[in-house]
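Engineer: With the sequence up front, the predicted model follows.
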4 protein chains.
Amino acid sequence: MSHSYRLIVSCPDRVGIVARVSNFIADQRGSITEANQHSDLVTGRFFMRYEIRFDVDAPPIEQFRDTFQPIAETFGMDWSLHDSAQRKRIVLMVSRASHCLVDLLHRWNIGELDCEIPCVISNHDALRSLVEWHGIPFHHVPVAPDTKAAAFDETERLIGEVQADGVVLARYMQILPPGLCRRYAGRVINIHHSFLPSFAGAKPYHQAYDRGVKLIGATCHYVTEELDAGPIIEQDVHRITHCHTTEDLVRFGRDIERAVLARGLRWHLQDRVLIHGSKTVVFA
Amino acid sequence: MSHSYRLIVSCPDRVGIVARVSNFIADQRGSITEANQHSDLVTGRFFMRYEIRFDVDAPPIEQFRDTFQPIAETFGMDWSLHDSAQRKRIVLMVSRASHCLVDLLHRWNIGELDCEIPCVISNHDALRSLVEWHGIPFHHVPVAPDTKAAAFDETERLIGEVQADGVVLARYMQILPPGLCRRYAGRVINIHHSFLPSFAGAKPYHQAYDRGVKLIGATCHYVTEELDAGPIIEQDVHRITHCHTTEDLVRFGRDIERAVLARGLRWHLQDRVLIHGSKTVVFA
Amino acid sequence: MSHSYRLIVSCPDRVGIVARVSNFIADQRGSITEANQHSDLVTGRFFMRYEIRFDVDAPPIEQFRDTFQPIAETFGMDWSLHDSAQRKRIVLMVSRASHCLVDLLHRWNIGELDCEIPCVISNHDALRSLVEWHGIPFHHVPVAPDTKAAAFDETERLIGEVQADGVVLARYMQILPPGLCRRYAGRVINIHHSFLPSFAGAKPYHQAYDRGVKLIGATCHYVTEELDAGPIIEQDVHRITHCHTTEDLVRFGRDIERAVLARGLRWHLQDRVLIHGSKTVVFA
Amino acid sequence: MSHSYRLIVSCPDRVGIVARVSNFIADQRGSITEANQHSDLVTGRFFMRYEIRFDVDAPPIEQFRDTFQPIAETFGMDWSLHDSAQRKRIVLMVSRASHCLVDLLHRWNIGELDCEIPCVISNHDALRSLVEWHGIPFHHVPVAPDTKAAAFDETERLIGEVQADGVVLARYMQILPPGLCRRYAGRVINIHHSFLPSFAGAKPYHQAYDRGVKLIGATCHYVTEELDAGPIIEQDVHRITHCHTTEDLVRFGRDIERAVLARGLRWHLQDRVLIHGSKTVVFA
């Protein structure tokens, strides 16, 4: 049976990185089935993602890591190695809008999203039955102005309890506290219902309607402490005209949001998104 | 020979407008070959554009206007009537970048843009030969910090001299003075090289690069006194990735800019764009 | 309470139709809230769709029909009048693939698709639980080579029993018998997983892969006796590259299929699709 | 001064190719500034394109080739090495339609297309002045039914005389003879004005209009002896509605054609397009 690892690297660019890494992989008898590289000419940083298949016995992942460590040190690499068969554990958080949740659960159900969903957390109880129909535990954690701190403590406890690798805010309409953002930096994905940086904050479709733009959009990004300002993973747009009301914008928006979120999450699950300062490298 | 008029109306919405107007047209023996209507439910305003063909003798346009005037008064209409065969006179203004100019002149040359181009005005002399090859007068009006007022006086004199119906800023990199904006309100079209309202002002592609957006865009809009804030006519976007440098963004941008400007101008020439406050109704 | 009717007309084009119809509506004290017209210059046929609102007492629909009949006769109209509040009854037919069904049921559930779904019919039992979770009856009608005729008799009986206004083949992988196609002409909508007319028939994504196209698509069309040749309602495409396998094409395709089908069905439900020979007029 | 080579390889896939090649490049003190690889899992073939920069003295290209030859033999490579500074010589062929020609000449003029254009050949004299304004020789080679053979002999002589690396049929409405197709296999690019494989042959926009498709397209492909059947390089589409006449389709089509051709040609010039049987690998 074949086995597959993913090697993710970022480091200062210099001559010989690819040669050194690809030699190492050949020495381990691995085949590179997918290779992505990027040299950022402005920052001088190099990024790579290798999907490595072993048709015969793969070296145990810990042994692979230990053998690779000296190379990583030589080049000053930030790096990680993932077993492609090891599915990430992703907690979904939602409010009352169901479109992103239905879409993600469907994709997960038919095997399009390669992750575990240990639970769904919501500040409303409205989507319980949908979630439980999929055999996934549902936690209702209400968030009121005066119970916010306790609610987010409970939220973080639930996330920790299931040993989540990441969190997806699938139209969860609350702002996460800064501490949670920091502790899960690079692991919380949000979908914002505008084409950022336009129309950050509340009611973006109404803002778009008032400005009279001819395209509306949605943005999937990593959550940082600054609202709607984290590294963008994916965006898309939909054409509108003067005929369309804000209700139409909201309706079109649902389709863009779920598509953009699903693409962004899929890439994240496959370790295709590398954060580079306030931006991302996406080996889609 | 058939003859064609365009009737453009906006007024408070109420029952019976279409009946009254279409009866009038039938009485004049006109055929409605294209009809567009829009009721804005938020502002209660009604917009219409009728293309009216006369296969037999058309009433003279002044007589048509006089006969329609009482109807217009009844409904409190802002309205205009255009002879479709009467081409608008459009002055193009450019700086050094040629892509929008080449595109517009080509479309004009093959009959895609139904207008006269009485002259091209530029603050540089670089594009003279291209313009003159098309048989169009070229005026070089340099704009230096200390000669700005005089330069724009001369610019407005040239525009007035050719009795221009409108002006297109085809990547003219200077800000027009407020007086000129006011006197030609609704008749000056600009192409801005970003997806507004994101990245207004200078160097939008560099701003887009720094923010890490995944799509870049361009916006065609009417010029108002406030920079890059006028009613939007048309927008479009192009997908980019982390691979692309600012030079790539500028290159992709050229294609979006010229496409968006050409569409916006074409609609303007055909009286398809109705200004509605800070927005537009576009009967494309 | 306001009330709304939709008037759908097609007839030979001639002067005065709009005047006559809009007068009639004004006489009935109706407001035209949305008006669409199209004159086909090649065939000389005229199409219109009026959404008519009555703020005071609406005339009963039968009375409206009777009063309009003489006008319809004068102009030789094919016409229909619909009460906008009267939801069409649509039977969904599926096989094993769930993506279109999940999408349609979700949109229906949140009020985006203005129809009744009296039942779902499938030649497999796989999607029963999903359908029943939505509170909709599910009928398993297996189709084997030697039971085909009986199966389609039963299918048509079920469709008749619920008095369906239309049928949606939401990736139902069987070919309907000619008689059923004829009896429900203009009322059966199919989603084909290619950009027709390319790749009609079986395994279109494999055909697309083999040809090396750079975009794949899906097509929503009315079903006629000739396979994949009926009037096209809506199409869309998705960009692919040499990197993508047929599995990737199938995956991307699911997203295009469900989007295209949902748009096509929505327009059909709102009486926005008028069949014109082998083509459609879509007042989207 | 830095120097840059492009290494293009295709060969049977096996372990160690990347390691062997990247080692070789590191040994030559080259930096890989852009790397693209593709493993076709169906055919088992491997493709790569490396952009290699030398900041110090680059090895002469012949020496680089000789040193690489043994590696190429080991892996059974089809390969080529290009000096990135060496611009290809491309002959443009046109008929009467100017849109693709104007676009290509403009891009060439502002440095977007990295090639020489030694001459333009046309079966009409209409575009002579445009071409000559750009300082490029123009040859009028009329093609009449009874002079076809002689005309194509002359065409091929002209192409040979300027030592062209390739030919672009920029809406050249004649079919090239099989011999010419064979002798310039993989080096003649055509733009076809439909979304192939739909609507091959004559008058594709009319075919599209008659079929009632909702999107029209254009296809850039390598010319082979079989009409409109060569490997596809790039395609794109534009949305249309029932409102649009064939004249509108032709007009929209001009924009798609020139955009698709320009992208395809640019990739070809940068050795980004690798032919793989009847398909292409495009490292865009």
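Structural biologist: Arrived safely.
Engineer: For A:Val167, list each beta-bridge partner.
Structural biologist: A:Val91, A:Val188 (DSSP bridges).
Engineer: got a list of what it touches?
Structural biologist: The contact partners of A:Val167, taken as CB atoms under 8 Å, 6 or more residues apart in numbering or on different chains, are A:90-93, A:159, A:184, A:187-189. Every residue, glycine included, has its C-beta placed from N, CA and C.
Engineer: so, if you compare those, which one comes nearest to chain C?
Structural biologist: A:Leu92 (15.9 Å; CB to the nearest CB).
Engineer: The closest one: how many residues sit nearby?
Structural biologist: 27 (other CB atoms under 10 Å in any protein chain shown).
Engineer: One more: A:Ile159?
Structural biologist: With other CB under 10 Å as criterion, A:Ile159 counts 23.
Engineer: Same question for A:Gly111.
Structural biologist: 8.
Engineer: and the contacts of A:Val167 as a markdown table, adding pLDDT?
Structural biologist: As requested, these are exported to a markdown table (pLDDT from 0 to 100):
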| residue | pLDDT |
| --- | --- |
| A:Ile90 | 98 |
| A:Val91 | 98 |
| A:Leu92 | 98 |
| A:Met93 | 98 |
| A:Ile159 | 98 |
| A:Tyr184 | 96 |
| A:Arg187 | 97 |
| A:Val188 | 98 |
| A:Ile189 | 98 |
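Engineer: What are the boundaries of the strands in chain A?
Structural biologist: A:3-12, A:31-40, A:45-54, A:78-83, A:88-94, A:115-116, A:120-122, A:138-140, A:166-169, A:188-192, A:215-222, A:232-239, A:273-276, A:279-282 (DSSP state E).
Engineer: can you pull the contacts of the residue of the stretch 101-250 of chain A found nearest chain B?
Structural biologist: The stretch 101-250 of chain A approaches chain B most closely through A:Gly212 (3.2 Å), counting by CB to the nearest CB. Contact analysis of A:Gly212 by CB under 8 Å, 6+ apart lists A:242, B:231-232, B:278-280.
Engineer: The lengthiest helix in chain A near chain C anywhere?
Structural biologist: Longest helix of chain A, by residue count under DSSP state H: helix A:246-269. Yes: using CB under 8 Å from any CB of the partner chain, helix A:246-269 reaches chain C at A:251, A:255, A:259.
Engineer: Buried residues of stretch A:125-137, list them for me.
Structural biologist: For stretch A:125-137, burial by neighbour count (16 or more other CB atoms under 10 Å in any protein chain shown) applies to A:127, A:130-131, A:136.
Engineer: Equivalent analysis for stretch A:246-255, please.
Structural biologist: Quick answer for stretch A:246-255 (16+ other CB under 10 Å): A:246, A:249-255.
Engineer: Show me chain A divided up by domain.
Structural biologist: Domain assignment for chain A by automatic domain parsing gives A:3-83, A:88-282.
Engineer: what's the most buried one of these?
Structural biologist: For those, the largest average neighbour count (mean count of other CB atoms under 10 Å in any protein chain shown) is found in domain A:88-282, namely a mean of 19.
Engineer: now do the same end-to-end measure for that one.
Structural biologist: 18 Å (CA to CA, to the nearest Å).
Engineer: How far away from the center of its chain is that domain?
Structural biologist: 9 Å (CA atoms, centre = their mean, to the nearest Å).
Engineer: re earlier: could you export the domains of chain A as a markdown table, including distance to C:Thr147?
Structural biologist: Output for these, formatted as a markdown table (distance: least, CB to CB, whole Å):
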| stretch | distance to C:Thr147 |
| --- | --- |
| domain A:3-83 | 45 |
| domain A:88-282 | 29 |
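Engineer: what ranges of chain A fall below the confidence cut-off?
Structural biologist: Applying pLDDT under 70 to chain A flags residues A:1.
Engineer: that older thread, name the nearest of the contacts of A:Gly212 relative to chain C.
Structural biologist: The closest of the contacts of A:Gly212, once distances to chain C are taken by CB to the nearest CB, is A:His242, at 12.7 Å.
Engineer: Run a quick check on the closest one versus B:Ile275, I expect a contact.
Structural biologist: No: at 11.0 Å, A:His242 does not count as touching B:Ile275 under the criterion of CB atoms under 8 Å.
Engineer: What parts of the stretch 1-150 of chain A come near chain B?
Structural biologist: So the stretch 1-150 of chain A meets chain B at A:38, A:40-42 (CB under 8 Å from any CB).
Engineer: what's the farthest-apart pair in these?
Structural biologist: Largest separation among those by CB to CB: A:His38 and A:Val42, giving 11.8 Å.
Engineer: Apart from its neighbours in sequence, what residue is nearest A:His124?
Structural biologist: Excluding its sequence neighbours, the residue lying closest to A:His124 (CB to CB, 6 or more residues apart in numbering or on different chains) is A:Arg96, at 4.9 Å.
Engineer: pretty sure the one you found is touching A:Arg128, no?
Structural biologist: No: taking contacts as CB under 8 Å, A:Arg96 lies outside contact range of A:Arg128: 11.5 Å.
Engineer: anything in contact with each of those two?
Structural biologist: Counting by CB under 8 Å, 6+ apart, A:Arg96 and A:Arg128 have no shared contacts at all.
Engineer: show me the contacts for A:Glu116.
Structural biologist: Contacts for A:Glu116 were tallied using CB under 8 Å, 6+ apart; they are A:87-90.
Engineer: and of the residues you listed, the nearest to B:Ile25?
Structural biologist: Of the contacts of A:Glu116, the one sitting nearest to B:Ile25 (CB to CB) turns out to be A:Ile90, at 61.5 Å.
Engineer: The closest one and A:Ile189, how far apart?
Structural biologist: Distance of A:Ile90 to A:Ile189, computed by CB to CB, to the nearest Å: 9 Å.
Engineer: got any residues that touch both of the two?
Structural biologist: What both A:Ile90 and A:Ile189 touch, as defined by CB under 8 Å, 6+ apart, is the set A:166-168, A:265.
Engineer: Pick out the most distant pair among those residues.
Structural biologist: Maximum distance among the shared contacts of A:Ile90 and A:Ile189 (CB to CB): 10.8 Å, for A:Val167 and A:Leu265.
Engineer: residue contacts, the residue lying farthest from the centre of chain A?
Structural biologist: Ranked by distance from the centre of chain A (CA atoms, centre = their mean), the top residue is A:Cys243, with 34.6 Å. Shown in contact with A:Cys243 (CB under 8 Å, 6+ apart): B:His38.
Engineer: how near is it to chain D?
Structural biologist: Counting by CB to the nearest CB, to the nearest Å, the gap from A:Cys243 to chain D is 14 Å.
Engineer: on that earlier part again, got a markdown table for the shared contacts of A:Ile90 and A:Ile189, with distance to D:Val102 too?
Structural biologist: Below are the shared contacts of A:Ile90 and A:Ile189 laid out as a markdown table (distance: CB to CB, whole Å):
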| residue | distance to D:Val102 |
| --- | --- |
| A:Gly166 | 51 |
| A:Val167 | 52 |
| A:Val168 | 48 |
| A:Leu265 | 44 |
